[in-house]
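# Predicted model and sequence follow; I will ask about them next.
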Amino acid sequence: MQKITPFLWFDGQAEEAAKFYVSIFKNSKIIGTMPGPGEAVAGVTFELDGQIFMSINGGPHFKFTEAISLYIDCKDQKEVDYYWEKLSEGGEESQCGWLKDKFGLSWQVIPKALTDGFQDKDPQTVNRVMQAMLKMKKINVAEIEKARRG
């Protein structure tokens with residue numbers, strides 16, 4: 001088991017959320033469930049493309065906020081479009097590549113072109129990339145690359 005595992009708190013939707021996430025990410029699976037009262041599931045351990053997560057049906061006491069998000073490193077626009085479409089369904093689109101899924105969990109769907117643009121040695125290039133990104137909800141790779149070229 002990995003040393004640090006994200007632990008997610010749901011209000012009765014841990015199993016539904018785990019199944020939803022596993023259906024989206026390749027090389028993913030439900031590892032196990034923790035029984036609750038009756039036939040209910042109290043928690044789920046699942047793996048998303050090599051990253052293990054644990055979850056619990058802890059009740060309505062705590063909600064997800066943008067203070068923590070899951071970052072998806074996408075290689076191209078096709079991947080951005082895929083994850084954006086799947087994860088935003090029933091959720092809420094935000095700015096700069098961020099969205100909330102239908103369970104309220106925040107995700108950053110970020111292409112390599114954007115991170116490369118932010119790591120450019122030229123501060124003017126970085127500024128152009130930033131200005132382009134600030135106008136977007138879902139990141140548009142072609143527009144980011146255009147901003148990098150000036």
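Perfect, I can see it now. Numbers count the residues shown, from 1 in each chain.

# Low-confidence ranges, this structure, go.
Within the chain, the stretches with pLDDT under 70 are 1.

# Run through the helices of it in chain order.
For the chain, the helices defined by DSSP state H occupy 14-24, 77-88, 112-118, 123-134, 141-149.

# Turn those helices into TSV, columns for mean neighbour count and distance to Thr45.
To be clear about C-beta, it is placed using only N, CA and C from the backbone, and glycine gets the same treatment. Below are these laid out as TSV (neighbours: other CB atoms under 10 Å; distance: least, CB to CB, whole Å):
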stretch	mean neighbour count	distance to Thr45
helix 14-24	19	8
helix 77-88	18	21
helix 112-118	18	30
helix 123-134	15	35
helix 141-149	16	34
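
# Same list, those, but as CSV with distance to Cys96 please.
Conversion of these to CSV gives the following (distance: least, CB to CB, whole Å):
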stretch, distance to Cys96
helix 14-24, 21
helix 77-88, 12
helix 112-118, 9
helix 123-134, 5
helix 141-149, 11
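
# Ok, which of those comes nearest Val41?
Of all these, the one in closest proximity to Val41, counting by CB to CB, is helix 14-24 (4.5 Å).
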